[in-house]
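Chemist: Curious how this folds, go ahead:
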Amino acid sequence: MKKLIKYISVFLLPIILMGFIFELLIRRIPNDYEYKKNYLDHHAEEVNTLFLGSSHVYYGIDPKYIKSSFNASYISQSFDYDLEILRKYEHKWKSLKYIVIPVDYFSFYGRLENSPEAWRAKNYRIYYDINTDHKIFNGTEMLSNKLGVNLTHLYSYYLKGENDISCSNLGWGWSYKAVKHKNLIKSGTAAAARHTAKNNLQYAANLHLLDEIIAFGEQKHIKILLFTSPAYKSYVSHLSKQQLNATLSTIKKLNSAHQTIKYYNLLQDSTFQAQDFYDGDHLNEIGAKKLSLKMNVLLGKI
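Modeler: Numbers count the residues shown, from 1 in each chain. Take a look at the predicted model:
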């Protein structure tokens with residue numbers, strides 16, 4: 001038995017050591033999560049307007065058009081992570097006057113951990129020091145990703161010099177370029193189907209999280225702007241009326257119940273045309289400039 005244990009140890013030790021080295025090397029690769037955390041660590045006290053939410057904001061709002069603002073949103077970022085980011089820098093929001101959060105068609109019906117993007121949860125835990133789940137594998141890169149994915153990251157960074165940062169210095173996702181746009185009809189139809197919930201099991205919990213965000217703002221005397229993001233007609237026309245109406249009805253009630261919040265429905269805003277969209281529900285850099293300038297005007301009204 002001792003010899004068997006010895007042989008197993010000799011066999012496993014190099015594998016464990018290699019895994020540990022790979023883990024360290026992967027964590028050294030610059031990425032958006034780490035960048036945004038470092039920015040807020042050093043500049044949260046200077047932020048006047050904070051943008052939270054999912055990819056609609058990540059790709060849709062460029063803070064360079066809005067004075068003293070920062071885009072802390074990210075792909076599939078749900079209300080629970082928005083709240084955790086607010087709480088993480090609770091004592092640093094010295095200048096914060098406005099919080100901007102999208103309440104979109106899917107916002108009340110899903111969470112990051114229950115989505116196809118659930119793998120992103122480990123990035124908040126490893127690089128943001130935010131842990132809303134307790135899955136063991138989410139504590140490491142090597143255990144939460146497939147080996148091929150990790151090897152590709154290592155190759156891309158250490159041999160090709162490519163990092164994982166795809167946001168501007170103020171947090172805007174710049175990679176959805178107009179010249180690389182997707183088919184707006186197909187992508188809009190597919191996204192609408194993907195965002196239509198099979199049930200409303202997450203609805204109450206997400207509404208409670210948004211209530212907590214609103215309460216956070218009221219406690220800190222911070223105004224909150226809620227909005228529904230613009231989308232192309234192929235996306236809008238395939239939405240479930242029941243799900244959309246339930247969402248809009250809930251927002252209307254919140255807007256009436258709280259003096260500190262203001263809501264704008266931009267879902268079918270006619271100022272956004274086909275040339276503004278990267279795909280059926282995301283803006284490109286042209287649309288992002290348009291939305292950012294519009295947002296600057298709307299902030300001036302609350």
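Chemist: Report how many residues lie close to G300.
Modeler: 7 (other C-beta atoms under 10 Å). C-beta: built from backbone N, CA, C; applies to glycine.
Chemist: Kindly provide the distance from it to L293.
Modeler: 11 Å (C-beta to C-beta, to the nearest Å).
Chemist: Can you identify each of the strands in the stretch 1-150 of the chain by residue range?
Modeler: 49-51, 69-71, 98-102 (DSSP state E, counting those that start in this stretch).
Chemist: Check which helices and strands the last one sits against.
Modeler: The elements that strand 98-102 packs onto, with contact taken as 3 or more C-beta pairs under 8 Å, 6 or more residues apart in numbering; DSSP states H and E, are strand 49-51, helix 55-58, helix 79-88, helix 203-219, strand 223-228, helix 285-299.
Chemist: what do you get if the cut-off is 10 Å, keeping everything else the same?
Modeler: strand 49-51, helix 55-58, strand 69-71, helix 79-88, helix 203-219, strand 223-228, strand 261-265, helix 285-299 (3 or more C-beta pairs under 10 Å, 6 or more residues apart in numbering; DSSP states H and E).
Chemist: a markdown table for these, including distance to S234, mean neighbour count and mean pLDDT?
Modeler: Converted to a markdown table, the helices and strands packed on strand 98-102 look like this (distance: least, C-beta to C-beta, whole Å; neighbours: other C-beta atoms under 10 Å; pLDDT from 0 to 100):
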| stretch | distance to S234 | mean neighbour count | mean pLDDT |
| --- | --- | --- | --- |
| strand 49-51 | 26 | 26 | 98 |
| helix 55-58 | 16 | 25 | 98 |
| strand 69-71 | 26 | 25 | 98 |
| helix 79-88 | 27 | 21 | 97 |
| helix 203-219 | 26 | 16 | 96 |
| strand 223-228 | 17 | 22 | 97 |
| strand 261-265 | 18 | 18 | 96 |
| helix 285-299 | 15 | 19 | 97 |
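Chemist: between those, which one is nearest to I21?
Modeler: helix 79-88 (30.0 Å; C-beta to C-beta).
Chemist: what's near enough to touch the closest residue to L112 other than its chain neighbours?
Modeler: Once flanking residues are discounted, L112 sits nearest to S78: 4.8 Å by C-beta to C-beta, 6 or more residues apart in numbering. For S78, the contact set (C-beta atoms under 10 Å, 6 or more residues apart in numbering) comprises 53-54, 106-108, 110-115, 117, 121, 132, 202, 206, 209.
Chemist: I figured F79 hits F108, correct?
Modeler: Yes. Applying C-beta atoms under 10 Å as the test, F79 and F108 come out as touching, 8.5 Å apart.
Chemist: joint contacts of those two?
Modeler: Contacts common to F79 and F108, judged by C-beta under 10 Å, 6+ apart, are 202, 205-207, 209-210.
Chemist: Report the buried residues of stretch 269-278.
Modeler: For stretch 269-278, burial by neighbour count (16 or more other C-beta atoms under 10 Å) applies to 269, 272, 276-278.
Chemist: Return the closest of these with respect to G171.
Modeler: Distances from G171 to the buried residues of stretch 269-278, taken by C-beta to C-beta, are shortest for Y278, at 17.6 Å.
Chemist: and the closest one, which of the three is it?
Modeler: Put simply, Y278 is strand when judged by DSSP: H, G, I helix; E, B strand; the rest coil.
Chemist: Relative to L170, which of the helices and strands packed on strand 98-102 is closest?
Modeler: strand 69-71 (5.7 Å).
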